[in-house]
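1. from the sequence below, what's the structure:
(one chain, ligands or ions: 1)
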Amino acid sequence: MARKQKSSPGPYLLHLEMLPDRIPDVTRFPYTLPSIRNLGTLAFHPKVTFLVGENGAGKSTILEAIAVACGLNPEGGSRNFNFATRASHSSLDECVRLARAPARPGDSYFLRAESFYNVASEIERLDQGGGGPPIIDAYGGQSLHEQSHGESFFALFRYRFRDNGLYLMDEPEAALSPKRQLQFLVLLHDYVRRGGQFVIATHSPIIMAYPEARIYLLDAGGIREVAYTDTEHYVITRGFLGNPGRMLAELLDDDEKA
Ligand SMILES: Nc1ncnc2c1ncn2[C@@H]1O[C@H](COP(=O)(O)OP(=O)(O)OP(=O)(O)O)[C@@H](O)[C@H]1O
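-> This is a model prediction of the structure:
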């Protein structure tokens, strides 16, 4: 009988490489997106890789392809989840190659903020079936549906993640207050020290400040690495908070716009 390989600290993912020969139709989604057309090779940071960019730039599409290539459910969850509530995910996972390091993660999980509700429902459905310890115990024991959106996210980060884990997260900040986003950074740092590797799509200027990370910006030109202080998220937030009155006056000056 094959023995389960022991987990060891990351990194687990080295790079993602586009295989242009496998693209079925360059005129169709997702290959029309500049970030995907020009994906080339995306080298992961050994600890944390951030994907940032405007709404619709293709961050979720790329993260989903990484998740599926890792054997995770495109709608989110651990390897044990295989529910599907929507028709299909993109075919991008079939047109990329994921280069892996020799180390094996002891745990992997795909958090999609947009479908975390469905993950919570699936946990309840599986736990109603009985047999074995309740899955919800790994999330702190309290039904995720009976907690606020932010509390349930935080229960996942705090209780469910493990040492030597590979974690893919799509907008983990979606439900978190600024204070909880700071606490998220503390947890992130702890999991990184315990061997974890993360790939995170985010709009949060707080979360993307994590220092042991690489930031990739997806835009009309494709994908490129950027410094934290060069991101629009940092520049716009800093400009706004530095002088909200001035920026509001510029934005809301009806006379000038009319
Ligand atoms: N199944 C689909 N068919 C056609 N177009 C799609 C499909 N799914 C997503 N798109 C489009 O592809 C683009 C990229 O979507 P994606 O969700 O990857 O963006 P994103 O960078 O994660 O955006 P956001 O920051 O808003 O979450 C969007 O313009 C979206 O409308």
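2. which parts of the stretch 51-200 of the chain sit against the ligand?
-> Within reach of the ligand by CB under 6 Å from any ligand atom, the stretch 51-200 of the chain has these residues: Gly53, Asn55, Gly56, Ala57, Gly58, Lys59, Ser60, Thr61. C-beta here means a position set from N, CA and C on the backbone, and glycine is covered the same way.
3. filter those down to the buried ones.
-> Those of those that meet the buried threshold are Gly53, Ala57, Gly58, Lys59, Ser60, Thr61, by 16 or more other CB atoms under 10 Å.
4. and of the residues of the stretch 51-200 of the chain next to the ligand, the nearest to Glu146?
-> Checking these against Glu146 by CB to CB gives Ser60 as the nearest, at 27.4 Å.
5. using PDB, write down the CA coordinates of whichever strand or helix holds Tyr216.
-> Following DSSP states H and E, the helix or strand that holds Tyr216 is strand 213-219. The C-alpha atoms that make up strand 213-219 are tabulated as PDB, following Å, rounded to 0.1, in the frame of the first residue of the first chain:
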ATOM      1  CA  ALA A 213       6.000  38.900  -0.700                       C
ATOM      2  CA  ARG A 214       6.100  39.600  -4.400                       C
ATOM      3  CA  ILE A 215       3.300  41.700  -5.900                       C
ATOM      4  CA  TYR A 216       2.200  41.100  -9.500                       C
ATOM      5  CA  LEU A 217       0.100  43.800 -11.200                       C
ATOM      6  CA  LEU A 218      -2.300  42.600 -13.900                       C
ATOM      7  CA  ASP A 219      -3.300  45.200 -16.300                       C
END
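6. which neighbours does it have in its sheet, and in what orientation?
-> Partner strands and pairing direction for strand 213-219 (DSSP bridges) are strand 48-53 (parallel), strand 222-226 (antiparallel).
7. show the subsequent helix or strand relative to the shortest one.
-> Scanning forward in sequence from strand 222-226 by DSSP H and E, the next helix or strand is helix 232-242.
8. what's the neighbour count on the residue lying closest to Phe81 once chain neighbours are set aside?
-> Leaving aside its chain neighbours, Phe81 sits nearest to Asn73 (4.5 Å; criterion: CB to CB, 6 or more residues apart in numbering). By other CB atoms under 10 Å, the residues close to Asn73 number 23.
9. any idea which helix or strand carries Asn73?
-> Using DSSP H and E, Asn73 maps to neither a helix nor a strand.
10. where do the helices of the protein begin and end?
-> Counting by DSSP state H, the chain has helices at residues 34-37, 59-69, 116-128, 149-155, 178-193, 232-242, 244-251, 254-257.
11. with pLDDT as added columns, please give the buried ones among the residues of the stretch 51-200 of the chain next to the ligand in CSV.
-> Shown next, in CSV, are those (pLDDT from 0 to 100):
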residue, pLDDT
Gly53, 97
Ala57, 96
Gly58, 95
Lys59, 96
Ser60, 93
Thr61, 94
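12. ok so, going back, select from the helices of the chain the stretch with the lowest mean pLDDT.
-> When these are compared by mean pLDDT, helix 254-257 comes last with a mean of 59.
13. confirm for me that Phe81 is in contact with Asn118.
-> No: contact criterion CB atoms under 8 Å: Phe81 and Asn118 do not qualify, at 9.3 Å.
14. return every residue with contacts to both of those two.
-> Glu75 (CB atoms under 8 Å, 6 or more residues apart in numbering).
15. out of the helices of the chain, which gets nearest to Asp93?
-> Closest to Asp93 of the helices of the chain, according to CB to CB: helix 59-69, at 3.9 Å.
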